[in-house]
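Peer 1: Predicted structure and sequence below. I'll ask about it afterward.
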Amino acid sequence: MPQETSTQEPLLSVRNLQFEFTLRGQVLHALRGISLSVRKGESLAIVGESGSGKSVFVNTLMGLNAPNGHITGGSILYHGQDLTKLKSNEDWLQIRGGKIAMVMQDPMTSLNPLKTIGYQIQEAVELHQGVHGEEAKKRVFDLLREVGISDPERRYHQYPHEFSGGMRQRVVIAIAVACRPEILICDEPTTALDVTIQAQILGILKQMKEKYSLTTIYITHDLGVVANVADSIAVMYAGDFVETGSCNEIFYDPRHPYTWALLSSLPQLGIKGQDLYTIVGTPPNLFYEVHGDAFAARNPHPLKIDFVRRPPMYRITDTHYVRSWLADPRAPKMDPPEHIRMLREKGIALGVAGPEYGTAVPESGEDAGSISSAAPDGRAVSCKKEASHD
Ligand SMILES: Nc1ncnc2c1ncn2[C@@H]1O[C@H](COP(=O)(O)OP(=O)(O)OP(=O)(O)O)[C@@H](O)[C@H]1O
Ligand SMILES: [Mg+2]
């Protein structure tokens, strides 16, 4: 997921996007100048804890945020069009569904309880595929089968309440796909479902992606499923993408202390008999301006500059970027925690391919001043580039 450099033009290019909500006269900085590129055909996962801004971000791509929120800066380029300039609902209808479609966490927010599911899918087919009547109906049957709903002729006439949660989510996927979108956004589509159904829904999404050549953006706070659904990852923290990279880079060469913490809390890394790793503290209150690195207060080994200046985005490779002072060549070298080294050994079990490495370069050439101050606890910091890890 290159930020700037790529042989292929990004399909979606988000630059320095800022979004604020106003609530009882107070301003909440939900997106604090975020940048991200998505290539055509890419499957991107956005991970981050609750409240980090994942939904606000994808809603911004579809003009779906609550009316007390607005974009205050930056751009979202999609086929050369800046989506931040779209104002009216009519403008957004050119994008929503037919270009960018979304599957939300709760299928009932997308389905009309008073209309049969056949009617609702057919509506999308007729609007976006230009076919009507029997031909449209036949496509609805095909779609129902594709998302794993058997006996479509009978199911066509049923209402959402006659379907289970997992079945309803299949219907929502069928509606989204019927719109023939280029980008499919899935905002925690399996969170409310049990594990077996989750796996089935993920499988269907994968098949739909292949069959309809979709570019997908998949939101989750479960890093464990990411390797199954994505080839690149954006790690979100306090309204910012703090690290972006290929699955490989994020799992095997993570650079941001928050990414380290997220990975360390993977249940797969738990040691039998020991408590699971948890990230202590809470994210900053976004009603106040965040100074420095937003993760500094929860980082067990912060640098002094983390409390003073927000780090720039550093380029590690064409696909790997991190917003952390640790990536600055002048920063003291810091080994990732033990858990992360364990992950390299257990990585195969998570379905991620082999390790990759890169060397950090500040993206903007921004001067950090002096950042050589060591971690406050005086911890020995050395970052050995491990040549043999396979
Ligand atoms: N309409 C609103 N008015 C005020 N603040 C809002 C509004 N909608 C969202 N927020 C705030 O924006 C921030 C980002 O919320 P968002 O829903 O994007 O989080 P998230 O990462 O999707 O979390 P979750 O994993 O729980 O879905 C939060 O602090 C949230 O409280
Ligand atoms: Mg959300």
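Peer 2: Structure received. Numbering: from 1, shown residues only. Ligands and ions are numbered 1, 2, ... in the order given.

Peer 1: doesn't Lys99 make contact with Ile185?
Peer 2: No. The criterion here is C-beta atoms under 8 Å, and Ile185 misses it with Lys99 at 11.2 Å. Any C-beta I mention is one placed from the backbone N, CA and C, and that applies to glycine too.

Peer 1: Of these two, which one has the most company?
Peer 2: In this view Ile185 and Lys99 are compared by other C-beta atoms under 10 Å, and Ile185 has more residues nearby, 26 against 18.

Peer 1: Look up phi and psi at that one.
Peer 2: With angles defined as degrees, to the nearest 10, Ile185 sits at phi -100, psi 130.

Peer 1: Arg145 too?
Peer 2: Torsion angles at Arg145 (phi, psi; degrees, to the nearest 10) stand at phi -60, psi -40.

Peer 1: do Met102 as well
Peer 2: Torsion angles, degrees, to the nearest 10, at Met102: phi -130, psi 140.

Peer 1: number of nearby residues for it?
Peer 2: Met102 is flanked by 23 other residues according to other C-beta under 10 Å.

Peer 1: Next: Ser213.
Peer 2: Neighbours of Ser213 using other C-beta under 10 Å come to 9.

Peer 1: Quick check, pLDDT for it.
Peer 2: Here the pLDDT value assigned to Ser213 is 96.

Peer 1: got the contact list for it?
Peer 2: Contacts for Ser213 were tallied using C-beta atoms under 8 Å, 6 or more residues apart in numbering; they are Gly41.

Peer 1: I'd guess it is in a helix, am I close?
Peer 2: No. When the secondary structure is assigned by DSSP: H, G, I helix; E, B strand; the rest coil, Ser213 falls in coil instead of a helix.

Peer 1: measure it to Phe241 for me?
Peer 2: 25 Å (C-beta to C-beta, to the nearest Å).

Peer 1: Name the SS class of the residue lying closest to Ser110 once chain neighbours are set aside, please.
Peer 2: Using C-beta to C-beta, 6 or more residues apart in numbering and skipping the chain neighbours, the partner closest in space to Ser110 is Val172 (4.9 Å). Under three-state DSSP, the three-state class of Val172 is helix.

Peer 1: ok, what's across the strand from the residue nearest the centre of the chain?
Peer 2: Taking C-alpha atoms, centre = their mean as the criterion, Ile46 is the residue nearest the geometric centre of the chain, at 1.4 Å. Beta-bridge pairing of Ile46 under DSSP bridges involves Ile219, Ala234.

Peer 1: pretty sure it is touching Lys54, no?
Peer 2: Yes. With contact defined as C-beta under 8 Å, Ile46 reaches Lys54; the gap is 5.1 Å.

Peer 1: so how many other residues sit close to Pro332?
Peer 2: The burial count for Pro332: 19, using other C-beta under 10 Å.

Peer 1: For ligand 1, see how far away it is.
Peer 2: For Pro332, the distance to ligand 1 (C-beta to the nearest ligand atom, to the nearest Å) stands at 31 Å.

Peer 1: confidence score at that residue?
Peer 2: 91.

Peer 1: secondary structure class for it?
Peer 2: Judged by three-state DSSP, the three-state class of Pro332 is coil.

Peer 1: circling back to that earlier point, on the pLDDT front, check the residue nearest to Ser110 for me.
Peer 2: pLDDT, Val172: 96.

Peer 1: again, but for Leu269
Peer 2: Confidence at Leu269, expressed as pLDDT, is 70.

Peer 1: my guess is it contacts Leu263, does it?
Peer 2: Yes. Using C-beta under 8 Å, Leu269 is in contact with Leu263, at 7.3 Å.

Peer 1: quick one: common contacting residues for the two?
Peer 2: Residues touching both Leu269 and Leu263 (C-beta under 8 Å, 6+ apart): 339, 343.

Peer 1: between the two, which one's more packed in?
Peer 2: Each of Leu269 and Leu263 has its neighbours counted (other C-beta under 10 Å); Leu263 has more, 25 against 17.

Peer 1: in what helix or strand does the more buried one lie?
Peer 2: For Leu263, the host element (DSSP states H and E) is helix 257-264.

Peer 1: ok, and what's touching that helix?
Peer 2: The contact list for helix 257-264 (C-beta under 8 Å, 6+ apart) reads 47-48, 223, 235, 237, 242-243, 250-251, 254, 269, 277, 279, 295, 298-302, 322, 324, 326, 336-337, 339-340, 343.

Peer 1: out of those, which are buried?
Peer 2: Buried subset of these (neighbour count, 16 or more other C-beta atoms under 10 Å): 47-48, 223, 235, 237, 242-243, 250-251, 254, 269, 277, 279, 295, 298-299, 301-302, 322, 324, 326, 336-337, 339-340, 343.

Peer 1: Make sure Arg168 is indeed in a helix.
Peer 2: Yes. Per three-state DSSP, Arg168 lies within a helix segment.

Peer 1: Contacts only, for it.
Peer 2: Counting by C-beta under 8 Å, 6+ apart, Arg168 touches 107-108, 111, 160.

Peer 1: what's the burial count for the closest residue to ligand 1 within the stretch 101-250 of the chain?
Peer 2: The minimum distance from the stretch 101-250 of the chain to ligand 1, using C-beta to the nearest ligand atom, falls at His221 (5.4 Å). Neighbourhood size, His221 [other C-beta under 10 Å]: 16.

Peer 1: Show me which residues of the stretch 1-150 of the chain are close to ligand 1?
Peer 2: Residues of the stretch 1-150 of the chain found near ligand 1 (C-beta under 6 Å from any ligand atom) are 21, 23, 28, 30, 48, 50-56, 66, 68-69.
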